[in-house]
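Student: What follows is a predicted structure for the sequence shown.
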Amino acid sequence: MNDNADQTEREDPAADPDIFESEETDEEPRPRKRRGVAIAVSVAVVMIAAAAGMAIVAALNNDKGAAAEKPTVALTTAAVTKGDVTVETQAQGTLEYAGQRPVSSGLTGVVTSLPAVGSLIGTGGTLYTVNTAPVVLMSGAMPAWRDFTTGMSKGEDVRQLETNLAAFGVFSGDVDTEFTAKTADAIRKLQKSQGVEQTGTLSSKAVMFSTEDLRVAELKTTVGASVSEGTEMFQASANSKVVTVNLKLSDQALAVPGAAVTVGLPTGTETAGAVASVGVPTEQAGADESAAKTVVLPVVITLADQAATGDLQRATVSVRFSSAQSGDLLTVPVEALVAIDDSSFAVEVPGKGKEGASKRVPVTTGIFASGRVAITGDGIAEGVKVMVPKR
C-alpha cells in the first residue's frame, strides 16, 4: 500500500450532499468480474468494507433530523497503482506418503514375521518371512520375472542383481549381464547370512526390487496367518510425503509442472511446494448418492521441506496457487471501497486544499488479490489518491 502522510477526518456523509453525487458519463459500467476462488483475506476485508459502507447508509436513513454528534474515522490516502496483479487461488488437498502400493506374497505357507507399521525397509532388508523363508528388498526398477540360476540367458535383470550383491559385499568381479559361477557364489554367501539353504540359486519369489526404500503404512495380514501367492501382506509407500489436490477444471491453467505453491498445514504453519505432476481429468463421485458427479484434475505437490510436516499424515491442508494477471490493471487497497448499496461500490477522492470537500466516485470492481482490488471508474487513473482508514 502506498500510504501518504496527509490525513483528514471522514465526516458523516449526511453533512455533505455532494458526497453522494457523481459525474455523469456516457460509458456504461462494465460487468463486475469475479474469480471462482479469491483470497480469503481479501474477500473478508471487502465484506467488512461493504458492511461498514451499508451501515453508514442505514445510519443516514434512520437518523435524519436527529441531533447527534457526527462520527469520525481517522483517514489517510493511498494512490491508485497500475501494473500486473498476482491472483492466488486456494484449493484443499491431502497430505500423505507418496508412492502407495501393496506388497503381496510370492510364497505359500504360514506368515512367520512381518515388519512394524511405520518402519522403513531399505535395500537388503527383509520384507516378510513365510515358513521362515525371507523375502529381501533390492534396489532396481525391473521386477524379478524369472529365477536367477546357472545357465540362464544374459539380461539386464542379471546386471541389476549383481549390482545389489556387490553393494552387499558378497560379489566380486565385473558387474555384467551374464550369470556366472561368481554370481552363484555370491548368492550362496547371501543365503548363508540369511540362515537358509545355500543353493546358489535365487528364486524370483524370494526377492523384490524397488527404486526406493519402502515405508510400512498398514499391515494386511497377521503373523500365523496362512497365505498363498498374491496375498496382500502390507501397504507400503515411499518415505517422503506429497500433497494430492483435485483441482476444478476451471482452474486447470494453474496446474503447471514446476510451478511454485504454498501449502498451509493444520499446525498453522506454511511450507513451500511445487507442482510435480498433473493427471488426466477424472470423474469424482459426489458427497452422497444424490450429489452429482464432478470432473476434477488430479495434481501432485512435492514439498521443499519434509521436516515441516512433522508427524502429520493423511491430513487436510490448503494449497495456494499463484497466477499473474497482466494488462496494466488499476488497483487500490480493498479498504478504499465504500458500499453505495448491496451491489455497488465507490471510492472517496479527497478534495483540493484543506477545506475541499471529498468526492465519492462510483467504480466497477475487478480482480481481488493480495489485499488489493482492480477498479475502473470516471477519473480513476494511476496516481489518483483515494481515502482509506488509517492503520
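Tutor: Done, it's in.
Student: so where does the residue nearest in space to the middle of the chain fall, helix or strand?
Tutor: Nearest residue to the geometric centre of the chain (Cα atoms, centre = their mean): Val319, 3.3 Å. Here Val319, judged by DSSP states H and E, is contained in strand 315-333.
Student: in that strand, what's buried?
Tutor: For strand 315-333, the neighbour count (16 or more other Cβ atoms under 10 Å) marks Ala315, Val317, Ser318, Val319, Arg320, Phe321, Ser323, Leu329, Leu330, Thr331, Val332, Pro333 as buried. Any C-beta I mention is one placed from the backbone N, CA and C, and that applies to glycine too.
Student: try stretch 83-94
Tutor: For stretch 83-94, by 16+ other Cβ under 10 Å, it's Val85, Val87, Glu88, Thr89, Ala91, Gly93.
Student: Repeat that for stretch 383-390.
Tutor: Within stretch 383-390, judged by 16+ other Cβ under 10 Å, the buried ones are Val384, Lys385, Val386, Met387, Val388.
Student: quick one on the thing from earlier: how about JSON lines for the buried residues of stretch 83-94, with pLDDT added?
Tutor: Listed next are the buried residues of stretch 83-94 as JSON lines, based on pLDDT from 0 to 100:
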{"residue": "Val85", "pLDDT": "77"}
{"residue": "Val87", "pLDDT": "76"}
{"residue": "Glu88", "pLDDT": "80"}
{"residue": "Thr89", "pLDDT": "87"}
{"residue": "Ala91", "pLDDT": "94"}
{"residue": "Gly93", "pLDDT": "96"}
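Student: Show me these that map onto strands.
Tutor: Counting by DSSP state E, the buried residues of stretch 83-94 place Val85, Val87, Glu88, Thr89, Ala91, Gly93 in strands.
Student: Spell out the secondary structure type for Glu335.
Tutor: helix (DSSP: H, G, I helix; E, B strand; the rest coil).
Student: Please, where are all the strands along the stretch 101-250 of the chain?
Tutor: 101-104, 109-113, 120-121, 126-130, 133-139, 207-210, 214-219, 226-227, 232-237, 241-248 (DSSP state E, counting those that start in this stretch).
Student: Format those as JSON lines; extra columns: mean pLDDT.
Tutor: Below are the strands of the stretch 101-250 of the chain laid out as JSON lines (pLDDT from 0 to 100):
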{"stretch": "strand 101-104", "mean pLDDT": "96"}
{"stretch": "strand 109-113", "mean pLDDT": "98"}
{"stretch": "strand 120-121", "mean pLDDT": "96"}
{"stretch": "strand 126-130", "mean pLDDT": "98"}
{"stretch": "strand 133-139", "mean pLDDT": "98"}
{"stretch": "strand 207-210", "mean pLDDT": "97"}
{"stretch": "strand 214-219", "mean pLDDT": "96"}
{"stretch": "strand 226-227", "mean pLDDT": "98"}
{"stretch": "strand 232-237", "mean pLDDT": "97"}
{"stretch": "strand 241-248", "mean pLDDT": "95"}
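Student: ok, and the closest non-adjacent residue to Gly310?
Tutor: Thr267 (7.2 Å; Cβ to Cβ, 6 or more residues apart in numbering).
Student: before we move on, back to that, pick the one among the ones in strands among the buried residues of stretch 83-94 closest to Glu348.
Tutor: For those, the closest approach to Glu348 (Cβ to Cβ) belongs to Val85, at 22.2 Å.
Student: What segments of the stretch 1-150 of the chain are helices?
Tutor: 40-62 (DSSP state H, counting those that start in this stretch).
Student: Any stretches of it with poor pLDDT?
Tutor: 1-72 (pLDDT under 70).
Student: Could you check how far Val317 is from Leu303?
Tutor: 10 Å (Cβ to Cβ, to the nearest Å).
Student: how about stretch 162-171: buried residues?
Tutor: Buried residues in stretch 162-171 (16+ other Cβ under 10 Å): Glu162, Asn164, Leu165, Val170, Phe171.
Student: wait, the second one sits on Met142?
Tutor: No: counting by Cβ atoms under 8 Å, Asn164 does not reach Met142; the two are 11.7 Å apart.
Student: wait, what's in contact with Val113?
Tutor: Actually, residue 113 is Ser. It isn't Val. Thr126, Tyr128, Thr129, Val223 (Cβ atoms under 8 Å, 6 or more residues apart in numbering).
Student: List only buried entries from those.
Tutor: Tyr128, Thr129.
Student: wait, which of the contacts of Ser113 is closest to Met152?
Tutor: Nearest to Met152 among these, with distances taken as Cβ to Cβ, is Thr126, at 24.6 Å.
Student: Nearest residue to the closest one in space, ignoring adjacent ones along the chain?
Tutor: Pro134 (4.6 Å).
Student: Confirm for me that that neighbour is in contact with Ala206.
Tutor: Yes: counting by Cβ under 8 Å, Pro134 touches Ala206, with 7.3 Å between them.
Student: As CSV, the strands of the stretch 101-250 of the chain with distance to Val175 would be great.
Tutor: Shown next, in CSV, are these (distance: least, Cβ to Cβ, whole Å):
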stretch, distance to Val175
strand 101-104, 27
strand 109-113, 31
strand 120-121, 24
strand 126-130, 24
strand 133-139, 13
strand 207-210, 15
strand 214-219, 24
strand 226-227, 34
strand 232-237, 27
strand 241-248, 33
